[in-house]
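> With the sequence up front, the predicted model follows.
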Amino acid sequence: MKVSFILPIYNVEKYLSECVESILAQTYSDFEVLLVDDGSPDNCPALCDEWARVDNRIKALHKPNGGLSDARNYGLEHAQGDYVIFVDSDDFWVGKDSLERLVNIVDAHPECDFISFNCSYYYQDTNTYKKWVAYDDKLAFPTDKDTAMRSLVASGTMPMSACLKVISRKSLSDMGLKFIKGLLSEDIPWFIDLIDGSNKCMLVNDFVYAYRQGVAGSITNSFSERNLNSKLRIIDNELQKLKKRSFEESTKNYIKSFLAYELCICLGGLGQLDKSLRDEYYEKLKSYKWLLKYRQNPKVKKVSILNSLVGFRLTSFFLEFYFSRR
């Protein structure tokens, strides 16, 4: 079974070698590494070419800058593996036998369209790791889409990141699944589409992936108008798509609760916008407050109770304050 690692690369000269080395160190060796240089302005293009010379399993692909989604799609077009794994090139894999363990699970459960693994936050200033929330143990077996979605929303653990999955390339092709170019938080609609198109999936608590924190310039370190517009676009699009999805009706309510969680994130981020924009976006967010009645997500339940006690405006203030202290 051949695995294709797809690494979109842009302005990560400082971290690229650690990422690539963590993959090359794997004991399971039947893989290719696609380094997708997305028009990076630093020394990354030369580093990609050098890595391709060092190991014949590595291919350097160069393209004009189009963003993360575009780079992932480009890599997928060139992938030759039976299964695909996406890796953000400022992160890295932990342990040398991680891929071997995952391949063994994939071989044992070919009926699964994808298998999610877990991650740890890596704090480079202290060289420490903090494990992400564990999945429910019942998901460590082949699971139908409705059971998986309900469990993930109810536990507050939605592994949306494309980087936390081993995915059948045939399944991706059959689904026609690609990332939306130019959209931030692009993993959200992609993951909902992925799980909706899957017959069976698994989520295992193998903490393989190290998600580097505190990277300068990372979009996860700030909340901008573009972040907010992307999330609003996702909420609106997912609500429109929900009627046509193949989930059970009860599961669709869980998805609404997940979208309510995204609404809460937007409310918390309002305080980071320019003052001249806050009222405008508050009104836009207020039009979605009805989502708070879907309390399947535990964090949404708390916000919903707060909203019923103090109203939407004060709830927004409380969330802004909470996010500012994180």
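Looks like it came in fine.
> thought residue 49 was touching residue 60?
Yes - taking Cβ atoms under 8 Å as the definition, residue 49 is a contact partner of residue 60 at 5.0 Å. Placement of C-beta: from N, CA and C, glycine included.
> more neighbours, the two?
The neighbour count for residue 49 versus residue 60, taken as other Cβ atoms under 10 Å, is higher for residue 60 (20 against 15).
> What is the subsequent helix or strand relative to the strand or helix carrying the more buried one?
If you go by DSSP states H and E, residue 60 is part of strand 58-63. Remark: after strand 58-63, the chain's next helix or strand is helix 68-78, criterion DSSP H and E.
> Can you give the contact residues for that following helix?
Applying Cβ atoms under 8 Å, 6 or more residues apart in numbering, the external contacts of helix 68-78 come out as 4, 6-10, 34, 36, 38, 59, 61, 63, 66, 84, 86, 162, 169, 172, 178-183, 186.
> ok, and for the strand holding residue 60, which residues are buried?
Neighbour counts over strand 58-63 (16 or more other Cβ atoms under 10 Å) mark 58, 59, 60, 61, 62 as buried.
> before we move on, what about stretch 119-138?
In terms of neighbour count (16+ other Cβ under 10 Å), stretch 119-138 has its buried residues at 119, 120, 122, 132, 135, 136.
> Residue 307 reaches residue 316, doesn't it?
No - using Cβ under 8 Å, residue 307 is not in contact with residue 316, being 9.2 Å away.
> which residue ranges form the strands in the protein?
For the chain, the strands defined by DSSP state E cover 3-9, 31-38, 58-63, 83-86, 92-93, 114-123, 128-131, 165-168, 201-213.
> And the fourth one, what does it pack against?
Yep, that's strand 83-86 we're talking about. strand 3-9, helix 68-78, strand 165-168, helix 169-175 (3 or more Cβ pairs under 8 Å, 6 or more residues apart in numbering; DSSP states H and E).
> again, 10 Å this time
Helices and strands touching strand 83-86, as assessed by 3 or more Cβ pairs under 10 Å, 6 or more residues apart in numbering; DSSP states H and E, comprise strand 3-9, strand 31-38, helix 68-78, helix 98-108, strand 114-123, strand 165-168, helix 169-175.
> What of the second one?
Contact partners of strand 31-38 among helices and strands, from 3+ Cβ pairs under 10 Å, 6+ apart: strand 3-9, helix 16-24, helix 44-54, strand 58-63, helix 68-78, strand 83-86.
> How about the first one?
Based on contacts counted as 3+ Cβ pairs under 10 Å, 6+ apart, the elements that strand 3-9 packs against are helix 16-24, strand 31-38, helix 44-54, strand 58-63, helix 68-78, strand 83-86, helix 98-108.
> got it, and the last one?
Identification of packing neighbours for strand 201-213 by 3+ Cβ pairs under 10 Å, 6+ apart yields helix 16-24, strand 92-93, helix 98-108, strand 114-123, strand 128-131, helix 145-155, strand 165-168.
> just how off-centre is it within its chain?
11 Å (Cα atoms, centre = their mean, to the nearest Å).
> cool, and the fifth one?
Average the C-alpha atoms of strand 92-93, do the same for its chain, and the two points are 15 Å apart (Cα atoms, centre = their mean).
> swap in the second one?
Using Cα atoms, centre = their mean, the mean C-alpha position of strand 31-38 is found 19 Å from that of the whole chain.
> Quick check: buried residues in that strand?
31, 32, 33, 34, 35, 36, 37, 38.
> follow-up on the earlier one: shared neighbours, residue 49 and residue 60?
Residues touching both residue 49 and residue 60 (Cβ atoms under 10 Å, 6 or more residues apart in numbering) are 35, 37.
> quick one: pLDDT of residue 221?
Here the pLDDT value assigned to residue 221 is 48.
> Could you dump the strands of the chain into TSV with distance to residue 223 added?
Shown next, in TSV, are these (distance: least, Cβ to Cβ, whole Å):
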stretch	distance to residue 223
strand 3-9	22
strand 31-38	23
strand 58-63	29
strand 83-86	24
strand 92-93	26
strand 114-123	18
strand 128-131	22
strand 165-168	26
strand 201-213	16
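> Residue ranges in the stretch 151-300 of the chain under the pLDDT threshold?
Residues of the stretch 151-300 of the chain meeting the criterion pLDDT under 70: 216-222.
> what do you get if the cut-off is 90, keeping everything else the same?
By pLDDT under 90, the low-scoring segments of the stretch 151-300 of the chain are 156-160, 182-185, 214-224, 271-272, 275-276.
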